[in-house]
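A.B. asks: Just the structure for this:
(one chain, ligands or ions: 2)
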Amino acid sequence: MRSGKIRVLERAVAEAIAAGEVIDRPAAAVKELIENSLDAGARRVVVELEGGGVDLIRVIDDGQGMLPEELSGAFLPHATSKLTTLDDLLHLRTFGFRGEALSSIAAIARVTVVSRAGDAARAHSMTLDGGEIRGPSVTAGAVGTTLTARDLFHSVPARRAFLRSPRTEAAACVRVVAEAALSRPDVGYAVRSQGRRVLNCNPSGSLAATMAAVFGRDVATGLLEVGLTDGGVEVTGLIGRPESARASRQAMVEMVNGRRIHHRGMTAAISGAYRGILPADRFPVSVINLLVDPSLVDVNVHPTKREVRFRDEGLIFELVQRACWNALQGATVRAISLPAVASGGGGQAHAQALPTQFVESGAASEQTLIGPRAEPSLAEAAGWRYLGQAHNRYLLAETGSGLAIIDQHAAHEKVLYQSWLTELAGAAARPHPAQGLLVPILIERGPRLLTDALAAGLDLAALGFEVDVFGEQTIRCSAAPAGIRPEAVEGSLVELLEIASGGESEAGIRHHRLAASLACHSAVRFGDRMTQEQALGLLRDLASTPGGITCPHGRPAVLVLTDGHLLTAFHRR
Ligand code: ADP
Ligand code: MG
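C.D. replies: Ligands and ions are numbered 1, 2, ... in the order given. Alright, predicted model coming up:
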């Protein structure tokens with residue numbers, strides 16, 4: 001069968017197809033354009049979007065601008081003012097380095113640029129549409145550059161077919177700008193979509209303020225500072241308290257030398273620091289920047305996704321995790337959020353302004369009713385009057401001026417966690433009382449798990465376990481710590497052995513995980529009936545336990561309805 005004549009693709013078509021690989025969606029164009037603005041020294045960047053960026057992207061900056069001759073050169077493929085030698089590639093100080101962004105955008109969209117260099121008397125304008133170029137011609141304009149791209153992918157309809165809804169594309173664009181803002185809080189950014197302002201980051205220079213603008217105000221109050229220098233690497237940034245965690249990794253942003261990158265190991269290291277503090281399906285809010293010698297990083301693994309590789313991946317993982325863990329150690333957890341009963345509150349406006357999935361609905365629809373100041377001091381809990389148990393799940397108590405509802409499992413877990421921590425640190429007065437098992441438990445896991453855990457320093461005897469190797473494939477447990485529920489002994493022991501032999505080198509992290517596991521297996525369950533005596537004992541212990549009112553998994557253990565909340569809820573004021 002004869003096919004049609006082979007023709008050389010028309011140049012413009014070929015260029016458009018190639019450009020569509022580089023600029024695969026509006027957000028990719030936004031990213032390149034704002035990076036150009038930053039490279040040009042802009043202090044303020046405004047991005048306007050229509051139709052999710054497909055109909056229009058406009059980026060306005062107050063950077064150094066271009067002279068007319070630079071303007072016409074800027075759109076040639078591989079035109080760049082930034083890379084002169086190959087060696088520069090390894091020491092990327094600027095974002096752009098390939099000189100293909102503007103030519104690619106011009107190949108897939110109708111572009112107008114108006115630019116005025118700092119020392120020029122006038123602005124010049126240039127239009128590129130298909131192969132047709134008009135200008136540069138004199139026009140009015142302030143110092144800086146305004147680039148407008150319309151009708152994206154009009155020349156590559158196939159690419160257009162892959163785009164998602166305008167809403168989703170707009171969200172991706174906002175995300176790109178937000179991430180740029182997080183890497184440069186000293187530059188002001190604003191995004192308008194369909195004429196509505198959806199992001200505004202003032203050039204405050206404060207990462208915390210930018211994180212509040214991007215992730216929501218609730219995040220800003222509880223940020224923990226990360227700072228660690230070791231092995232020639234510096235880890236800096238801010239991470240959120242467990243309470244501000246999200247249901248996705250959307251609010252985890254990693255950078256290397258100020259450049260937004262994607263690196264699974266770093267994400268895993270940050271999440272790992274929260275293990276035991278956050279359930280596996282919750283992710284912290286975090287912005288972490290690594291400062292490393294550029295020659296130890298390969299940034300060009302993927303031209304658009306900015307995936308990187310480090311020469312020593314293990315070192316980076318360890319440092320990031322340790323840095324975050326140290327920061328979390330300093331945190332006393334506080335503040336409980338309740339679903340809003342009262343109306344008003346500033347968090348809402350922010351949430352409505354974003355047409356994106358960038359702000360999570362959970363964070364937006366909740367209001368912190370118990371702020372840091374209204375937080376009940378736990379010392380005060382000593383004076384609480386026990387009222388009773390509800391549904392075998394909650395303890396109810398009257399506080400000085402309100403009502404407390406205590407999640408019995410979480411509260412008990414928290415109390416036990418602290419005492420196990422003390423025991424693990426070897427600071428307890430005597431070994432944990434052991435409780436002989438009527439029938440020893442046989443665990444078919446092979447003695448290797450046990451020997452590894454012992455070699456890693458796990459002192460099972462001090463914790464109340466009596467364990468030995470029983471045959472080739474079996475570990476035998478004949479006594480367990482008093483307090484562990486009988487049916488939980490096996491699971492608890494296996495978990496302990498796995499944590500201890502898991503290779504975590506930081507003793508603090510290891511102890512935290514062990515204590516969280518032991519506490520979980522020995523705490524009264526959600527659903528267990530408690531006697532008045534047990535309940536009073538728990539309230540007393542809770543009052544004397546330091547470190548805030550959440551359980552080791554970051555869930556709140558105590559919810560206090562203050563007099564103020566009650567009066568508001570019953571419309572008495
Ligand atoms: P690159 O950024 O890799 O150099 P681009 O195609 O993105 O390549 O840009 C080409 C050139 O155009 C840049 O090197 C720069 O000189 C100039 N340029 C682009 N955008 C701007 C801007 N917003 N302000 C000033 N100059 C710009
Ligand atoms: Mg560029």
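A.B. asks: C-alpha from now on. contacts and neighbour counts both.
C.D. replies: Fine.
A.B. asks: With adjacent residues omitted, what lies nearest to residue 176?
C.D. replies: The shortest distance from residue 176 to any residue other than its chain neighbours is 6.0 Å, reached at residue 31 (CA to CA, 6 or more residues apart in numbering).
A.B. asks: Which residues are in contact with that neighbour?
C.D. replies: Neighbour list for residue 31: 173, 176-177 [criterion: CA atoms under 8 Å, 6 or more residues apart in numbering].
A.B. asks: redo that, cut-off 10 Å
C.D. replies: 23, 37, 95, 101, 173-177, 179-180, 304 (CA atoms under 10 Å, 6 or more residues apart in numbering).
A.B. asks: How about residue 416?
C.D. replies: Contacts of residue 416 (CA under 10 Å, 6+ apart): 410, 422, 483, 515-516, 518-523, 541-542, 545, 551-552.
A.B. asks: Repeat the analysis, applying 8 Å as the threshold.
C.D. replies: Residue 416 touches 515, 519, 522-523, counting by CA under 8 Å, 6+ apart.
A.B. asks: in what helix or strand does the residue nearest to residue 176 lie?
C.D. replies: Applying DSSP states H and E as the criterion places residue 31 in helix 26-39.
A.B. asks: Beyond that helix, next helix or strand please.
C.D. replies: strand 44-50.
A.B. asks: Show me the contact partners of that following strand.
C.D. replies: 34, 37, 55-62, 170, 187-195, 203.
A.B. asks: Mind checking which of the residues you listed are buried?
C.D. replies: Neighbour counting with 16 or more other CA atoms under 10 Å marks 34, 37, 55-62, 170, 187-193, 203 as buried within the contacts of strand 44-50.
A.B. asks: Narrow those to those in strands?
C.D. replies: Among the buried ones among the contacts of strand 44-50, the members falling in strands (DSSP state E) are 56-61, 188-193.
A.B. asks: so what's residue 227 bridging to?
C.D. replies: Note on residue 227: beta-bridge partners by DSSP bridges are residue 236.
A.B. asks: That one is in contact with residue 236, isn't it?
C.D. replies: Yes: between residue 227 and residue 236 a contact is recorded at 4.6 Å, counting by CA atoms under 8 Å.
A.B. asks: so what's residue 235 closest to, chain neighbours aside?
C.D. replies: residue 290 (4.8 Å).
A.B. asks: is it true that the one you found lies in a helix?
C.D. replies: No: using DSSP: H, G, I helix; E, B strand; the rest coil, the secondary structure at residue 290 is strand, not a helix.
A.B. asks: what's the pLDDT at it?
C.D. replies: In this model, residue 290 is scored at 93, pLDDT.
A.B. asks: Could you check how far residue 75 is from residue 507?
C.D. replies: In this view, residue 75 and residue 507 are 56 Å apart by CA to CA, to the nearest Å.
A.B. asks: More neighbours: which of those two?
C.D. replies: More crowded of residue 75 and residue 507, by other CA atoms under 10 Å: residue 75, with 20 against 13.
A.B. asks: Contact partners for the more buried one?
C.D. replies: For residue 75, the contact set (CA under 8 Å, 6+ apart) comprises 102-103, 106.
A.B. asks: rerun that using 10 Å as the cut-off
C.D. replies: Counted by CA under 10 Å, 6+ apart, residue 75 has contacts 99-107, 128.
A.B. asks: Would you mind listing where the stretch 101-250 of the chain has pLDDT under the threshold?
C.D. replies: Within the stretch 101-250 of the chain, not a single segment meets pLDDT under 70.
A.B. asks: Could you pull out the helices in it for me?
C.D. replies: 101-108, 157-161, 166-183, 207-215, 217-220 (DSSP state H, counting those that start in this stretch).
A.B. asks: name the helices or strands packed onto the longest one?
C.D. replies: Spelled out, that is helix 166-183. Other helices and strands packing on helix 166-183, by 3 or more CA pairs under 10 Å, 6 or more residues apart in numbering; DSSP states H and E, are helix 26-39, strand 44-50, strand 188-193, strand 196-201, helix 207-215, strand 252-256, strand 259-261, strand 286-291.
A.B. asks: average pLDDT for stretch 463-483?
C.D. replies: The average pLDDT within stretch 463-483 is 88.
A.B. asks: From ligand 1, how far off is the residue nearest to residue 176?
C.D. replies: Distance, residue 31 to ligand 1, using CA to the nearest ligand atom, to the nearest Å: 10 Å.
A.B. asks: Please apply the same query to residue 230.
C.D. replies: With CA to the nearest ligand atom as the criterion, residue 230 and ligand 1 are 33 Å apart.
A.B. asks: Same question for residue 527.
C.D. replies: When residue 527 is compared with ligand 1 (using CA to the nearest ligand atom), they lie 61 Å apart.
A.B. asks: ok, now residue 257?
C.D. replies: Taken as CA to the nearest ligand atom, the span from residue 257 to ligand 1 is 18 Å.
A.B. asks: Can you give me every residue that contacts that residue?
C.D. replies: Residue 257 makes contact with 92-93, 183, 234, 289-294, 297, according to CA under 10 Å, 6+ apart.
A.B. asks: Residue 188 too?
C.D. replies: 42-46, 61, 181, 200-205, 210.
A.B. asks: out of those, what pair is the most spread apart?
C.D. replies: Using CA to CA, these reach their maximum pairwise distance at 61 and 210, which is 18.9 Å.
A.B. asks: Buried residues, the strand ranked longest in the chain. List them.
C.D. replies: Longest strand in the chain by number of residues, with DSSP E as the criterion: strand 434-443. Using 16+ other CA under 10 Å as the test for burial, strand 434-443 gives 434-436, 441-443.
A.B. asks: what's downstream of that strand, the next helix or strand?
C.D. replies: Immediately after strand 434-443, counting by DSSP H and E, sits helix 447-455.
A.B. asks: Distance from that following helix to the middle of the chain?
C.D. replies: 35 Å (CA atoms, centre = their mean, to the nearest Å).
A.B. asks: For the stretch 201-350 of the chain, which segments count as strands?
C.D. replies: For the stretch 201-350 of the chain, the strands defined by DSSP state E, counting those that start in this stretch cover 224-230, 233-239, 252-256, 259-261, 286-291, 297-298, 309-310, 336-339.
A.B. asks: most tightly surrounded among the ones you listed?
C.D. replies: strand 286-291 (a mean of 24; mean count of other CA atoms under 10 Å).
A.B. asks: Number of residues surrounding residue 415?
C.D. replies: For residue 415, using other CA under 10 Å, the count is 25.
A.B. asks: List the buried residues of the helix or strand it falls within.
C.D. replies: Per DSSP H and E: residue 415 is located in helix 408-424. Buried residues in helix 408-424, defined by neighbour count with 16+ other CA under 10 Å: 408-421, 423-424.
A.B. asks: cool, and stretch 113-126?
C.D. replies: 113-118, 122-126.
A.B. asks: Give me the nearest residue to residue 466, chain neighbours excluded.
C.D. replies: residue 479 (4.8 Å).
A.B. asks: Tell me who's in contact with the spatially most central residue of the chain.
C.D. replies: Central residue of the chain (CA atoms, centre = their mean): residue 252, 2.2 Å from the mean position. Contacts for residue 252 (CA under 10 Å, 6+ apart) come out as 239-240, 246, 266-267, 270-271, 283-288.
A.B. asks: let's see it at 8 Å
C.D. replies: Contact partners of residue 252, counting by CA under 8 Å, 6+ apart, are 267, 283-287.
A.B. asks: Lowest-confidence one in the residues you listed?
C.D. replies: residue 283 (89).
A.B. asks: circling back: distance to residue 160 added to the helices and strands packed on helix 166-183, as JSON lines?
C.D. replies: Converted to JSON lines, the helices and strands packed on helix 166-183 look like this (distance: least, CA to CA, whole Å):
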{"stretch": "helix 26-39", "distance to residue 160": "10"}
{"stretch": "strand 44-50", "distance to residue 160": "15"}
{"stretch": "strand 188-193", "distance to residue 160": "19"}
{"stretch": "strand 196-201", "distance to residue 160": "24"}
{"stretch": "helix 207-215", "distance to residue 160": "28"}
{"stretch": "strand 252-256", "distance to residue 160": "28"}
{"stretch": "strand 259-261", "distance to residue 160": "26"}
{"stretch": "strand 286-291", "distance to residue 160": "32"}
